[in-house]
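Asker: need a structure here:
(2 chains)
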Amino acid sequence: MADRMITVYLMGKEYQVPDSLTIMGALEYAGYELVRGCGCRNGFCGACATIYRVKGSTSLKMCLACSTKVEENMYVATLPYFPLVKQVYDIETIRPDERIMMQLYPEIYSCIGCNACTKACPQGINVMQYIAYAQRGEYKKCAEESFDCVMCGICSARCPAGISHPQVALLARRLNGKYIAPEARHLTERVDEIENGAFDAMIEGIMLKPLSEIKELYNHRDIEQ
Amino acid sequence: MYSEEMLQSIRRVEAARAANMVSEPRRMTAAEKEALLKEFHPDYRDTGFGVLRAGISAGDKVPTELLELLEGRSRVAGLDLDLNSPDYDVDVLVIGGGGAGSSAAIEAHEAGASVMMVTKLRLGDANTMMAEGGIQAADKANDSPAQHYLDAFGGGHYAAVPELLKKLVMDGPGAIRWLNGLGVEFDKDDDGAMVTTHGGGTSRKRMHAAADYSGAEIMRTLRDEVWNRQIPVVDFTAAIELLLDKNGHAAGAVLLNMETGEHKIARAKTVVLATGGAGRLHYQGFPTSNHYGATADGLALGYRAGVPLLYADTLQYHPTGAAFPLQIYGALVTEKVRSMGAMLVNARGEAFMHPLETRDVSAASIIRECRERGNGVETPEGSAVWLDTPMIDMLHGEGMLEKRLPGMLRMFLKYDIDMRKVPILVYPTLHYQNGGLRIDARGETAVKGLFVAGEAVGGIHGRNRLMGNSLLDIIVFGRTAGKSAASDSRGVELAEPSLEHVRKYMDELAAAGVRSEVESPKLLPHYANKRP
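Answerer: All right, here's what the predicted structure looks like:
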């Protein structure tokens, strides 16, 4: 599987790179020592938002540089930072009502429905839909629709209404996680039991055993099916 | 996408699938595991390690690449720094912007201290963000912290520091409740009960998850909380040396702006070191599942300041790194894939081991299958085995893989591999630094006022870590370090700050005949002009 060398334009400058590389790999192959625009290198952190256009095409495409392969005649510009608006709030005092979105992110009501956010999302999230859920105060749905967001900011870079979609979604997810999803009662009870010392004797009983006995216990412990 | 040879092997895997699914390969005995590890685990190779020649742990065996940094040249050497005119002056300085650092900063802030975070990349650029599978805690009726202790102690070869492991398991349920209270969305049943599964080496189903974005969900929530509290975060700024005062008490750090090269001095009454792991040092030539910044910086800083290392020679090779295609070589394929029933299958279609052995045993078993038994599938990067992912939907119903493993599905779909329909190729990848700096149950080190949390700590897990105990440890020990650092900062009267400890250590190196031009800490790997 020998590599073919292809032409790419990194920040507009021409380079020859192997066609098996990702855009991030191509930047490094060309000699960039990355500080900005590089994080987990595997599609989870959103550090490497990137814009490209292939010669001859008028359409601008958006992607994550770490998980997109180079193409012949690709013009690449990285977007290592985007000024999202992050509003400050106290998670303990806010409530999952419609008002909170109106207070913190009123610009979501200026959405013109162009769907540029959804078309640009490298995670394939229906961004415009989750903004619609946020507008209506349907935070559980907003949380579910936006769950795979890596907060790269590409959606916001394309938005004519100036919405900071990832921050809206994060607020909805925190509201959902804390207030809307039902409480795990077994968790609350277990924390109380531990605080009341219910497990102190049991754990010390194991810790104080001679190593040979601990090994016996470990090697013959029953495993839940 | 797959080659003709791979497709032929897939046909054998498919032919054996129904029979494999109803079989349960026997778990290995203690003696079998020991023999396997000695023969095939990278930690047990003679090459790849060296012996420290200076400092408090002189004589300890450490990986060659780490040794080079521990014995490297300080980045403050030759600099003219005015330590008495600090650019920042706070109660608690947190170095590192991952899950441990963020937890520490939040708790220190909650306790009323003035806190500042420094991180060499962005806040949240950390291995925490990449943890997929889940977080353990004994919160179900059939489980207990003692059972969790037993699983982790045995899985770590009985080498964990008991007081640290006890803290981990006893504070586990509290850590989950704290995260849930911040708004972390754990997978729950309709009645609120946590959806929990097994991980390798667990005897109870206590793995909590947020699909396969568990770490990302925790990290983005903690980051948002740091921002909500308006804790100052100095990003793209690395700590390149700790400051101690004349009495040997932690006193801050020398900082380096990663973009401009400018140096700054941060003065602090207590310091939390939460710099993470070392995967980007590529021990023994392995690929890694780790973050770009995982270069063991904190180990170099802490060691020079006089903190002993513990188990720095033990690394975790995650059994299932992606082995194909090349673009994701070494990337993590979460253990949750096996928790949900996918089996490890060789080129001949044989399920050659129980899929939920501990990570060190699983990795060694895969290496044996490829190297000794010749049962691997050839890929451009070497030999690999199948992880038979179509089993998941066959076991749990169509749609379950997409629901519980959306990140994995997306990662492979980008390269036209639909893991719901075809198996994927895996091989061990460098994943976790089991060892690190020694702490006590308050998170404090041998240096007064210096705390360590997260992957930079050694001893919590012993010589091997179970899945889901790392996300737990960054929260438990991050919070603990933050609380301790805040409370200890009260009443601290710092004497004059100094880099005397660095000079002393360098003298000791010179006396041992070590002359190095390797800059340490490393800060970032060097990939420019190279093929990945």
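Asker: What is the host helix or strand of B:Ser383 packed up against?
Answerer: For B:Ser383, the host element (DSSP states H and E) is strand B:382-387. In terms of contacts (3 or more C-beta pairs under 8 Å, 6 or more residues apart in numbering or on different chains; DSSP states H and E), strand B:382-387 is packed against helix B:4-22, strand B:344-345, helix B:359-371, strand B:377-379, strand B:424-433. Every residue, glycine included, has its C-beta placed from N, CA and C.
Asker: longest single helix anywhere in chain B?
Answerer: helix B:469-489 (DSSP state H).
Asker: Show the subsequent helix or strand relative to the strand holding B:Ser383.
Answerer: Proceeding N to C from strand B:382-387, the next assigned helix or strand is helix B:390-396, under DSSP H and E.
Asker: and that next one, which residues are buried?
Answerer: Across helix B:390-396, burial judged by 16 or more other C-beta atoms under 10 Å in any protein chain shown covers B:390-394.
Asker: pLDDT and distance to chain A added to the residues you listed, as TSV?
Answerer: Shown next, in TSV, are these (pLDDT from 0 to 100; distance: C-beta to the nearest C-beta, whole Å):
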residue	pLDDT	distance to chain A
B:Pro390	98	22
B:Met391	98	17
B:Ile392	97	18
B:Asp393	97	19
B:Met394	97	18
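Asker: Need the contact partners of the helix or strand hosting A:Asp192.
Answerer: Secondary structure assignment for A:Asp192, by DSSP H and E: helix A:185-195. For helix A:185-195, contacts defined as C-beta atoms under 8 Å, 6 or more residues apart in numbering or on different chains pick out A:199, B:138-141, B:145, B:170, B:173-174, B:176-177, B:180, B:192-194.
Asker: in the helix or strand that contains A:Met202, what counts as buried?
Answerer: Assigned by DSSP H and E, A:Met202 falls within helix A:200-207. Buried residues in helix A:200-207, counted by 16+ other C-beta under 10 Å: A:203, A:206.
Asker: With just CA atoms, put that helix into PDB.
Answerer: C-alpha atoms of helix A:200-207 as PDB (Å, rounded to 0.1, in the frame of the first residue of the first chain):
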ATOM      1  CA  ASP A 200     -15.400   1.000  57.900                       C
ATOM      2  CA  ALA A 201     -15.100  -2.400  59.600                       C
ATOM      3  CA  MET A 202     -15.600  -4.300  56.300                       C
ATOM      4  CA  ILE A 203     -12.800  -2.500  54.500                       C
ATOM      5  CA  GLU A 204     -10.400  -2.600  57.400                       C
ATOM      6  CA  GLY A 205     -11.100  -6.300  57.800                       C
ATOM      7  CA  ILE A 206      -9.700  -6.800  54.300                       C
ATOM      8  CA  MET A 207      -6.800  -4.400  54.600                       C
END
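Asker: got the angle for that helix vs helix A:185-195?
Answerer: For helix A:200-207 against helix A:185-195, the angle by axes from the mean of the first three to the mean of the last three C-alpha atoms, to 10 degrees is 80 degrees.
Asker: now the helices for chain A?
Answerer: A:23-30, A:98-104, A:116-120, A:127-135, A:139-146, A:154-157, A:165-175, A:185-195, A:200-207, A:211-219.
Asker: about what we covered before: and the helices and strands packed on strand B:382-387 as TSV, adding distance to B:Pro63 and mean pLDDT?
Answerer: Listed next are those as TSV, based on distance: least, C-beta to C-beta, whole Å; pLDDT from 0 to 100:
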stretch	distance to B:Pro63	mean pLDDT
helix B:4-22	33	97
strand B:344-345	26	98
helix B:359-371	15	96
strand B:377-379	26	95
strand B:424-433	9	97
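Asker: nearest to chain A, of those?
Answerer: strand B:377-379 (9.9 Å; C-beta to the nearest C-beta).
Asker: Report all helices and strands that the closest one contacts.
Answerer: In this structure, strand B:377-379 packs against helix B:4-22, strand B:382-387, with contacts taken as 3+ C-beta pairs under 8 Å, 6+ apart.
Asker: In the stretch 1-150 of chain B, mark out all the helices, start to finish.
Answerer: Here the stretch 1-150 of chain B has its helices, by DSSP state H, counting those that start in this stretch, at B:4-22, B:30-40, B:64-70, B:99-110, B:127-130, B:145-155.
Asker: contact partners of stretch A:102-119?
Answerer: A:85, A:87, A:89, A:101, A:125-129, A:131-132, A:134-135, A:155-156, A:158-165, A:167-168, A:171.
Asker: how far does that stretch stretch from start to finish?
Answerer: Chord length of stretch A:102-119, first to last residue, is 25 Å (C-alpha to C-alpha, to the nearest Å).
Asker: Buried ones in that stretch, by neighbour count?
Answerer: For stretch A:102-119, by 16+ other C-beta under 10 Å, it's A:104-105, A:108, A:111, A:116-118.
Asker: what's the closest of the residues you listed to B:Phe153?
Answerer: A:Leu104 (46.3 Å; C-beta to C-beta).
Asker: So that closest one versus chain B, what's the distance?
Answerer: 11 Å (C-beta to the nearest C-beta, to the nearest Å).
Asker: try A:Cys40
Answerer: Per C-beta to the nearest C-beta, A:Cys40 is found 5 Å from chain B.
Asker: correct me, but that residue touches B:Thr128?
Answerer: No - judged on C-beta atoms under 8 Å, A:Cys40 makes no contact with B:Thr128 at a distance of 10.0 Å.
Asker: returning to that earlier point: report the buried members of the contacts of stretch A:102-119.
Answerer: Among the contacts of stretch A:102-119, those buried by neighbour count (16+ other C-beta under 10 Å) are A:89, A:101, A:125, A:127-129, A:131-132, A:134-135, A:155-156, A:158-159, A:161, A:163-165, A:167-168, A:171.
Asker: Which ones among those also lie next to chain B?
Answerer: A:Tyr89 (C-beta under 8 Å from any C-beta of the partner chain).
Asker: so which of the helices of the stretch 1-150 of chain B gets nearest chain A?
Answerer: For these, proximity to chain A was assessed by C-beta to the nearest C-beta; helix B:145-155 is nearest, at 3.3 Å.
Asker: Distance from that closest one to the middle of the chain?
Answerer: 19 Å (C-alpha atoms, centre = their mean, to the nearest Å).
Asker: which residues sit in contact with the spatially most central residue of chain B?
Answerer: With distances taken as C-alpha atoms, centre = their mean, B:Tyr432 lies nearest the centre of chain B, 4.1 Å away. Counting by C-beta under 8 Å, 6+ apart, B:Tyr432 touches B:277, B:279, B:315-316, B:318, B:455, B:465, B:470.
Asker: rewinding a little: relative to chain B, which of the buried residues of stretch A:102-119 is nearest.
Answerer: Nearest to chain B among the buried residues of stretch A:102-119: A:Leu104, at 11.2 Å, using C-beta to the nearest C-beta.
Asker: For A:Gly197, see how far away the closest one is.
Answerer: According to C-beta to C-beta, to the nearest Å, A:Leu104 stands 42 Å off from A:Gly197.
Asker: B:Ala312 contacts B:Leu66, correct?
Answerer: Yes - counting by C-beta under 8 Å, B:Ala312 does reach B:Leu66; the two are 6.5 Å apart.
Asker: Before I go, just wanted to say thanks for your time.
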